[in-house]
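K.L.:
Sequence first, predicted coordinates after that:
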Amino acid sequence: MPIATPLTRLLGIEHPILLAPMDVVAGSRLVTAVSRAGGFGILGGGYGERAWLEQETAKLKELRAPFGIGLITWSLAKHPELLDIALAARPNAIMLSFGDPAPFSAKIKSAGARLICQVQDETMARQALDAGADILIAQGTEAGGHGAARTTVDLVPAIVDLAAGRVPVVAAGGIADGRGLAAMLMLGASGVLLGTRFYASEEADGADEAKRRICRAASGETVRGILFDLSRNNVWPAPFTGRCLINDHARRWIGREVELMQNVATVAIDYAAAKAAGNFDVAAVIAGESVGLIHDIPPAADIVARIATEAEQLLAGRHNSAGGVLPSPLMGEGGVVLTGYMGNRIDRRHG
């Protein structure tokens, strides 16, 4: 029986697994696949390229499963009309990340959508709650793409405590399998948001070579900093930095960021050309620290099913990742699983 949490009940989904709104990579095809599999797909609206957003949201208007649309808050503030395009697709939720959500919350709520806010510390979480957030994403530094400095294991319980049951908290950063989902549920989260794991899926709109590099990467082969933002001449506001796979370009410039800034005009031209050509020795593959757990490029529905099943079995004490039986932390007498933490529930009996 699927794991039920405050998150699944609020969003009307089967599994507490959300697709991170990866800019361009999380297009309508991936959103549809995740949502139809019982998770919650979130379109990667990113910086808000109008033509792309109109194209992809048009494809989602016939999707009957719950879905959301994600936007970068500080970029949306420059082009607030893009929120109207997103809401016209009638998403179940709008996810805002990296900025104050307050200027947009009333419009989102009046359209009947939930407000999901991604946060990296308690100050951001309080700001999001004051703005009326319905769900908080506690994003640790292990995540791919942009984030901050707190680790997932540190941040999630801190945000859970701060939320005090008012809204579900979702964990993000370094999670790619059922072990991660089970662990985050035990920390009090109501679900997980996954980016890198879904990047390496059939339906993701990323380049095939980027997906292969994610599968080949070992643990520890990512770096967080300002390298790829400087290289594309798109510097983000503090405190947000970006995590990507280490490649030749990163090796060349790590520790030489000031020199890179001094030569940014030339570097940006070379970087843009490499990106257009699919040369990932220079262009960044944006991925998180979970790469060491990713070894295949399956359909997104298989990823959802695999993670959900593994987490259910782990929480029920059925097995660990090596197939051995574990005692369940949620086990009552007679082999009946009782309740998880913070209202999470999984009902299974051992045969």
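P.N.:
Thanks, I have the structure now.

K.L.:
the domain parsing of this structure - what is it?
P.N.:
6-205+295-309, 208-290 (automatic domain parsing).

K.L.:
which one of those is the most hemmed in?
P.N.:
Comparing these by mean neighbour count (mean count of other CB atoms under 10 Å), domain 6-205+295-309 ranks first with a mean of 21. (Each C-beta comes from the backbone N, C-alpha and C, glycine too.)

K.L.:
Could you export the domains of the chain as TSV, including mean pLDDT and distance to Asn344?
P.N.:
Output for those, formatted as TSV (pLDDT from 0 to 100; distance: least, CB to CB, whole Å):
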stretch	mean pLDDT	distance to Asn344
domain 6-205+295-309	97	5
domain 208-290	94	22
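
K.L.:
Dump these into a markdown table; add distance to Gly317 as well.
P.N.:
Output for these, formatted as a markdown table (distance: least, CB to CB, whole Å):
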| stretch | distance to Gly317 |
| --- | --- |
| domain 6-205+295-309 | 11 |
| domain 208-290 | 24 |
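
K.L.:
Tell me which of these lies nearest to Leu315.
P.N.:
domain 6-205+295-309 (5.4 Å; CB to CB).

K.L.:
Show the end-to-end separation of that closest one, please.
P.N.:
Its start and end residues considered, domain 6-205+295-309 measures 19 Å (CA to CA, to the nearest Å).

K.L.:
what does stretch 139-154 give?
P.N.:
End-to-end distance for stretch 139-154, by CA to CA: 10 Å.

K.L.:
Run the chain-centre distance for the longest helix anywhere in the chain.
P.N.:
Criterion DSSP state H: the longest helix present in the chain is helix 300-315. For helix 300-315, the separation from the chain centroid amounts to 17 Å (computed by CA atoms, centre = their mean, to the nearest Å).

K.L.:
ditto for stretch 205-219
P.N.:
Put simply, stretch 205-219 sits 17 Å off its chain's centre (CA atoms, centre = their mean).

K.L.:
what's in contact with that stretch?
P.N.:
If you take CB atoms under 8 Å, 6 or more residues apart in numbering as the criterion, stretch 205-219 is touched by 24-27, 29-30, 196, 199-201, 204, 245, 278, 280, 285, 287, 289, 291-297.

K.L.:
And for stretch 27-41?
P.N.:
For stretch 27-41, the surrounding residues in contact (CB under 8 Å, 6+ apart) are 2, 11, 13-15, 17-19, 26, 42-44, 56-57, 59-60, 63, 65-68, 92-93, 198, 201, 203-205, 299-301, 304-305, 308.
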